[in-house]
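Engineer: no sequence on this one, just coordinates:
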């Protein structure tokens, strides 16, 4: 049985009273990250910049950001934490799609953990000159991270859209005010 104190805790509040605001803030962070990856792809494939100079928007004035495995791991962990913390606010179909995004992010996080451990220890996978993730053995890092971010982002957006426009049964199960007014 859930006590009244537990139901009023910060995580409960995040998924009820503040769910809409938290989802909006989370989406802004995710979109900003996406913009960095898209900017880097544009720098490489449209502007023809060399890979070492194509560092996204923030990486141009702050080049250490692109090479910092701590920063990349921190973002992967933030994504994972956000998906976990905001999960209980979803119901029905939106919960299924949120769970898909979460599952993919678990793998993406593990890939970044592997990269971070290599950076910390100096022992790179298969003797590679730089930290290398498992899938990076097959797909270059820039393209891989565009792909990872896309396959985490797409089901997350589907979840948010379904959450905003729930079926009557899903709406009845919701504990937040995220749903748009019924038509």
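Structural biologist: Perfect, I can see it now. Since this is a predicted model, take the numbers as computed values, not measurements.

Engineer: Please list all residues in contact with residue 106.
Structural biologist: Shown in contact with residue 106 (C-beta atoms under 8 Å, 6 or more residues apart in numbering): residue 80. C-beta coordinates here come from the backbone N, C-alpha and C atoms, glycine included.

Engineer: Do you know the pLDDT at it?
Structural biologist: Note on residue 106: pLDDT of 98.

Engineer: What strand or helix carries it?
Structural biologist: If you go by DSSP states H and E, residue 106 is part of helix 92-121.

Engineer: Which positions in that helix come out as buried?
Structural biologist: 92-95, 97-98, 100-102, 104-105, 108-109, 111-112, 114-116, 118-119 (16 or more other C-beta atoms under 10 Å).

Engineer: Excluding sequence neighbours, find me the nearest residue to the residue most central in space within the chain.
Structural biologist: Centrality entry for the chain: nearest residue to the mean C-alpha point is residue 79, 3.8 Å, by C-alpha atoms, centre = their mean. Excluding the flanking residues, the one nearest residue 79 by C-beta to C-beta, 6 or more residues apart in numbering is residue 105, at 5.4 Å.

Engineer: cool, and residue 119?
Structural biologist: Per C-beta to C-beta, 6+ apart, closest to residue 119 is residue 69, 3.9 Å.

Engineer: hmm, who's touching the strand or helix carrying the residue nearest to the centre of the chain?
Structural biologist: Remark: residue 79 resides in helix 69-85, with elements defined by DSSP H and E. With contacts defined as C-beta under 8 Å, 6+ apart, helix 69-85 is touched by 11, 14-15, 22, 26, 29-30, 33, 65, 98, 101-102, 105-106, 108-109, 111-113, 115-116, 118-120, 131, 152, 156.
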